[in-house]
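J.: here is my input, please return the structure:
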Amino acid sequence: MSTEETAAPTKSTPDDDGMTWWYRWLCKIAGVLGGISCAISGVWNCVTVNPLNIAAGVWMVLNAFVLFLCEVPFCCQFIEFANAVAARADKLKPWQKAFFYCGMAVFPVFLSFSFTTLFGNAIAFATGVLYGLASLGKKGDAVTYARLQHQKQGDEERMTGTTNGAPE
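T.: Reported below is the predicted structural model:
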């Protein structure tokens with residue numbers, strides 16, 4: 001074997017964040033749907049005379065652009081910096097994406113609390129929640145949990161000096 005073949009498995013991949021392939025696709029699809037809902041609701045929200053509604057609508061359209069840029073950069077192929085931004089967004093940890101997406105989705109609701117802003121940002125917020133759940137990690141299996149409980153019980157027995165409830 002050459003040195004290149006032995007060095008290849010030791011490289012760290014950005015996909016090593018504990019997310020399965022189907023959950024990663026679920027997050028991306030939720031991001032796309034969140035971008036679509038933000039864009040449609042944002043444009044609809046701008047059709048008014050209230051300046052706070054217009055500001056919330058513009059922010060929602062910006063949210064849609066950022067969601068498309070981070071989740072599906074091939075939709076923004078005519079923007080020169082799209083691939084660089086998408087590569088940087090892929091390097092973020094799931095909790096950072098969750099904080100960013102949820103923060104982006106909550107801001108227009110605070111600007112103008114209405115049906116349009118609330119439901120327009122709901123899917124974008126749900127995308128942040130999905131990334132937040134991914135940051136918690138995988139659920140442990142029952143065998144490992146039982147082994148830890150048994151070990152904990154054994155440690156407690158040694159500390160108190162009892163076995164099976166009777167003192168030695």
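
J.: how many residues are close by M159?
T.: Using other C-beta atoms under 10 Å, M159 is surrounded by 8 other residues. C-beta here means a position set from N, CA and C on the backbone, and glycine is covered the same way.

J.: return the set of buried residues in the host helix or strand of it.
T.: Using DSSP states H and E, M159 maps to helix 142-160. Neighbour counts over helix 142-160 (16 or more other C-beta atoms under 10 Å) mark no residue as buried.

J.: contacts only, for S37.
T.: S37 makes contact with F119, G120, N121, A122, I123, A124 under the criterion C-beta atoms under 8 Å, 6 or more residues apart in numbering.

J.: in helices, which of those fall?
T.: F119, G120, A122, I123, A124 (DSSP state H).

J.: could you measure from the closest residue to S114 other than its chain neighbours over to V47?
T.: Of all residues beyond its chain neighbours, the one nearest S114 is N53 (7.1 Å), with distances taken as C-beta to C-beta, 6 or more residues apart in numbering. From N53 across to V47, the span is 9 Å (C-beta to C-beta, to the nearest Å).

J.: the two: which is more packed in?
T.: N53 (20 against 10).

J.: just checking, that one touches G42?
T.: No - the criterion here is C-beta atoms under 8 Å, and N53 misses it with G42 at 10.3 Å.

J.: buried residues in the longest helix belonging to the chain?
T.: Counting residues, the longest helix found in the chain (DSSP H) is helix 21-45. For helix 21-45, a neighbour-count test (16+ other C-beta under 10 Å) marks 23, 27-28, 30-39, 41-42, 45 as buried.

J.: likewise for stretch 86-101?
T.: Those would be A86, A89, L92, P94, K97, A98, F99, F100, Y101, for stretch 86-101 by 16+ other C-beta under 10 Å.

J.: give me the phi and psi for N121.
T.: phi -100, psi 0 (degrees, to the nearest 10).
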